[in-house]
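In: here is a sequence with its predicted model. Questions after.
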Amino acid sequence: MNSRNWLGLGGAFGLLVLVNCSATPATSTFETGGAGGETSGGGNSGNTTSQGGAGGMGGGFIPPTGSGGGGPADDCSEAAKLVYVLSTANDLYSFDPPAKKFTLIGKLGCNTSWRPNSMAIDRSATAWVNYLNGFGTKGSLYKVSTKDASCEPTAAVNLPSAWIQVGMGYSTNSDGTMGETLFVSATSGNGLGKIVSNTLNSIADFSPGTFSGEAAELTGTGDGRLYGYFQTNPVYVAQINKMTGAVTNAKEITGLDTPSAWAFSFWGGSFYLYAASSGSNSTVTKYDPVADTIDNNYMSNTGMQIVGAGVSTCAPLEPPK
């Protein structure tokens, strides 16, 4: 989810790496009582204490093979394993990466004149959409159904002033369960944060210096990893430590210019980068970290400008067999 022209950070500034699902019931640290619900935003407390074990993930950049996604006895619906994208026209689509196909779900029914900026998908396949007001001075999160694009009538979260425009994505907690945490990155250069217990907590600026102060669209996995699509020049995809903001395994996405509208997802072992210059339709670049290949012509014209993308922690880590 994110827009470099600051109309919105498109993509689940969110994000989105796909994951394994287990029979363990899903819980979210961004809940208001229902499964996958989000808490209301509080002040930027600077509290880096993790709730539910949302720490950094060890190991390499690429998720382990042989883990697939979903499974015969997991808690994930088929809808929770899909990629979703959001356009500047306020339209919500599902996206099938192998088929290169977008399917319109509907126009978001949120009762607001604000503009969409980014999107994340929780484990119950609920979309959380970041909206900005016309002056770019206020931001909120709305709860949206991925079944019919219907929206709760009022904002679920009013974001603090330093975090009104965010990229975001869920990542499972590193505690052996399918609990998950919503991570965010602010375009104002505040680095990495998370929403826990009704409060937006600042974690740290991104490091090292190449990434300090930069905005990133985020996507997370069901095995507890978090990744960023950094709007540096050149553009990078990299792994992010969830406790420190440290950036590792950075990969330059050659041939892709720094976009004005952008979004990010990971599905079936590959990253998908949605990018558009001002006023143009988005393209899709596919980065396969296993083969170490970049396909900037994966989709040369999506027919829309994408400002949000999201995938839940139920999405597959490997290509479908």
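Out: That came in fine, so what should we check first?
In: from residue 210, how far out is residue 241?
Out: Separation of residue 241 from residue 210 (Cβ to Cβ, to the nearest Å): 15 Å. For every residue, glycine as well, the C-beta is placed using N, CA and C.
In: those two: who's more crowded?
Out: Neighbours per residue, other Cβ atoms under 10 Å: of residue 241 and residue 210, the larger number sits with residue 241, 20 against 13.
In: please report phi then psi for the more buried one.
Out: With angles defined as degrees, to the nearest 10, residue 241 sits at phi -80, psi 120.
In: can I assume it is in contact with residue 248?
Out: Yes: proximity of residue 241 to residue 248 meets the contact threshold set by Cβ atoms under 8 Å, at 7.1 Å.
In: low-confidence regions, the stretch 1-150 of the chain specifically.
Out: Of all residues in the stretch 1-150 of the chain, those with pLDDT under 70 make up the ranges 1-74.
In: who's in contact with residue 185?
Out: Neighbouring residues of residue 185 by Cβ atoms under 8 Å, 6 or more residues apart in numbering: 9, 13, 166-168, 191-193, 206, 215-218, 228.
In: tell me which element it falls in.
Out: Using DSSP states H and E, residue 185 maps to strand 180-186.
In: now do residue 266
Out: For residue 266, the enclosing helix or strand under DSSP H and E is strand 261-267.
In: could you give the average pLDDT over that strand?
Out: Strand 261-267 shows a mean pLDDT of 94.
In: moving C-terminal from the strand holding residue 185, which element do we reach first?
Out: On the C-terminal side of strand 180-186, the closest following helix or strand by DSSP H and E is strand 191-196.
In: tell me how far the strand holding residue 266 lies from the chain's centre.
Out: Distance of strand 261-267 from the chain centroid (Cα atoms, centre = their mean, to the nearest Å) equals 7 Å.
In: what's the spacing between residue 111 and residue 142?
Out: From residue 111 to residue 142 the distance is 9 Å (Cβ to Cβ).
In: spit out the residues that contact these two alike.
Out: Where contact means Cβ under 8 Å, 6+ apart, the residues bridging residue 111 and residue 142 through contact with each are residue 151.
In: so where's the stretch 151-300 of the chain shaky on pLDDT?
Out: Within the stretch 151-300 of the chain, the stretches with pLDDT under 70 are 174-177, 198.
In: mind listing the strands for it?
Out: 157-158, 166-172, 180-186, 191-196, 199-204, 216-220, 226-230, 236-240, 247-252, 261-267, 270-276, 283-288, 293-299 (DSSP state E, counting those that start in this stretch).
In: so what are the sheet partners of the fourth one and their directions?
Out: The reference is to strand 191-196. Strands flanking strand 191-196 in the sheet, each with its direction: strand 180-186 (antiparallel), strand 199-204 (antiparallel) (DSSP bridges).
In: between those, which one is closest to residue 270.
Out: Smallest distance to residue 270 across those (Cβ to Cβ): 20.7 Å, for strand 180-186.
In: for that closest one, buried residues please.
Out: By neighbour count with 16 or more other Cβ atoms under 10 Å, strand 180-186 contains the buried residues 180, 181, 182, 183, 184, 185, 186.
In: need these in TSV (columns: distance to residue 316).
Out: Putting the buried residues of strand 180-186 into TSV (distance: Cβ to Cβ, whole Å) gives the following:
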residue	distance to residue 316
180	16
181	21
182	21
183	20
184	24
185	24
186	30
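In: closest to residue 259 among those residues?
Out: Compare each of these with residue 259 using Cβ to Cβ and the shortest gap goes to residue 185, at 15.6 Å.
In: for that closest one, list each beta-bridge partner.
Out: Per DSSP bridges, the residues bridged to residue 185 are residue 167, residue 192.
In: and it, how far is that from residue 163?
Out: According to Cβ to Cβ, residue 185 stands 9 Å off from residue 163.
In: overlap in contacts, the two.
Out: Taking Cβ under 8 Å, 6+ apart as the contact criterion, the residues that touch both residue 185 and residue 163 are residue 193.
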